[in-house]
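**Student:** Attaching a predicted model along with its sequence, questions to come.
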Amino acid sequence: MTDLSSLDPNIYTSSSNEALSISLAGNGKAVSFHPDFTYPIFGDAEQIFGYKDLVIHLVFDSMSLYPFLNVRYSEKRDDADEVESKLLELLPEETVVKDEALWQDKIDGENFEIPGEILSTYSHKDENYHVYKLSINKCAESLQLHRRMQIFVLFFIEAGSYIDAKDDMWEIYVVYKEDKTFIGFATGYSYWKYPGHEIFDSDAKYLWRKKISQFVILPPYQGQSHGSQLYKTIFEQWFKDDQVAEITVEDPSEAFDDLRDRCDLERLYQRGLLETLPEPVISPEWFQTQQAKEKIEKRQFQRCVEMLLLHALKSKKNTRLQIKKRLFIKNRDALLDLDEATRKDKLQVAYERLEEDYQRILEKVRFVKKRPHQDT
């Protein structure tokens, strides 16, 4: 007699996010986690059809990120979705499939050393970490490492995609623990910034606009300050470059917005911006001068200034009016269609929501003055 349960398509359907197990293995230990997204590989529904007890093991050496893939299941239908081939299309050609002993031999034979230069070192819970800069256009080992790590972009950045590694404008930054465990990475891109016709027609050096494009700290290491340290290192490297005019971020997530806000606020506070804030009203000239000095793009600098005003508990009325003025300009077309009473009510509601969000961010900011001998 036929087991009718075997005809139920649901028992052959798996969540691709849950079925895919990502691991970093090395130094006698391993950590495993699941991706946030798999739709770039398995479709918008993030489901895989045709397997029972499907488990996809995608393992990386914790230092070199040499990849290993093993797809396991208890039963497979003839019309099952492709799994292995879809992943291999996005992984390096060197990826070892199923043969774990061969994978280990490849790792041992590679004698991998972390490429690039160390830009900064920091500590967390008595353990040291390093931020490296990779030169993927000048160093074959750096390019190889990037090819191995880039699939994390698809797994952890919504709408993420691979960069063109042949483009010289890309920069890669990676974080490693002292024991050479990979923690995360970021990519940055350089744009030429048009300085206006007077400077353009002169012999002055070109200025660049730097953009953080991709930013990934792997799940086992999130919430441990690694993202903040990586962001601060990148920002400081670009900030001290006289040819960099502005630093920005491409389509940040809400979580990254929070991280960026905290880091920028701490930095601006340490640099004494709060003491320079004019009263009662901030003039456009002051804003433009300070924004250029701090190399932060306009919207982000506005947010930081407004949060610093709230933190300083300066004139609450002036702060409120200044924020409302910005909100009005931003939403001018929609607000002008409303009568005055409704317009004022909408602005007040928008202000209250924004102030609540600002206070949420400010609660997590460490406002500590920089010691006099520290570099700015």
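**Tutor:** Now that the structure is in, tell me what you want to look at.
**Student:** Could you list the low-pLDDT ranges of the stretch 151-300 of the chain?
**Tutor:** Within the stretch 151-300 of the chain, the ranges that satisfy pLDDT under 70 run 193-206.
**Student:** Tell me how far Val131 lies from Thr181.
**Tutor:** Note on Val131: its distance to Thr181, by C-beta to C-beta, to the nearest Å, is 14 Å. Glycine gets a C-beta too; all of them are placed from N, C-alpha and C.
**Student:** before we move on, what about Val305?
**Tutor:** Distance from Val305 to Thr181, by C-beta to C-beta: 39 Å.
**Student:** So for the two, which residue has more residues nearby?
**Tutor:** Val305 (26 against 20; other C-beta atoms under 10 Å).
**Student:** tell me the contacts of the more buried one?
**Tutor:** By C-beta atoms under 8 Å, 6 or more residues apart in numbering, the contact list for Val305 reads Leu273, Leu277, Ile282, Phe287.
**Student:** 7 Å instead?
**Tutor:** Ile282 (C-beta atoms under 7 Å, 6 or more residues apart in numbering).
**Student:** you'd agree it is in a helix?
**Tutor:** Yes - per DSSP: H, G, I helix; E, B strand; the rest coil, Val305 lies within a helix segment.
**Student:** Show me which positions of stretch 52-72 end up buried.
**Tutor:** 54, 56-71 (16 or more other C-beta atoms under 10 Å).
**Student:** In the stretch 201-350 of the chain, what residue spans correspond to strands?
**Tutor:** Remark: strands assigned in the stretch 201-350 of the chain by DSSP state E, counting those that start in this stretch are 207-217, 244-249.
**Student:** which helices and strands sit right next to the last one?
**Tutor:** If I follow you right, that is strand 244-249. If contacts are counted by 3 or more C-beta pairs under 7 Å, 6 or more residues apart in numbering; DSSP states H and E, strand 244-249 sits against strand 207-217, helix 226-239.
**Student:** let's go with 6 Å and repeat that
**Tutor:** strand 207-217 (3 or more C-beta pairs under 6 Å, 6 or more residues apart in numbering; DSSP states H and E).
**Student:** got the contact list for the strand it packs on?
**Tutor:** 152-153, 156-157, 184-191, 193, 195, 226-227, 238, 243-250, 256 (C-beta atoms under 6 Å, 6 or more residues apart in numbering).
**Student:** Buried by neighbour count, from those: which ones?
**Tutor:** For the contacts of strand 207-217, buried by 16+ other C-beta under 10 Å: 152-153, 156-157, 184-190, 226-227, 238, 244-249, 256.
**Student:** For stretch 232-244, which outside residues touch it?
**Tutor:** With C-beta under 6 Å, 6+ apart, stretch 232-244 has contacts from Leu119, Ser120, Val131, Tyr173, Lys205, Leu207, Trp208, Lys210, Ile247, Cys263, Lys295.
**Student:** what phi and what psi does the backbone show at the fourth one?
**Tutor:** For Tyr173, the backbone dihedrals are phi -120, psi 130 (criterion: degrees, to the nearest 10).
**Student:** What are the neighbouring residues in contact with it?
**Tutor:** Lys133, Ala186, Ile234.
**Student:** Quick one: neighbours of the first one, just the number.
**Tutor:** Read that as Lys133. 19.
**Student:** Then it would be within a strand, right?
**Tutor:** Yes - with three-state DSSP as the criterion, Lys133 is located in a strand.
**Student:** if we can go back for a sec, what is the most widely separated pair among the contacts of stretch 232-244?
**Tutor:** For the contacts of stretch 232-244, with distances taken as C-beta to C-beta, the pair at the greatest spread is Lys205 and Cys263 (27.8 Å).
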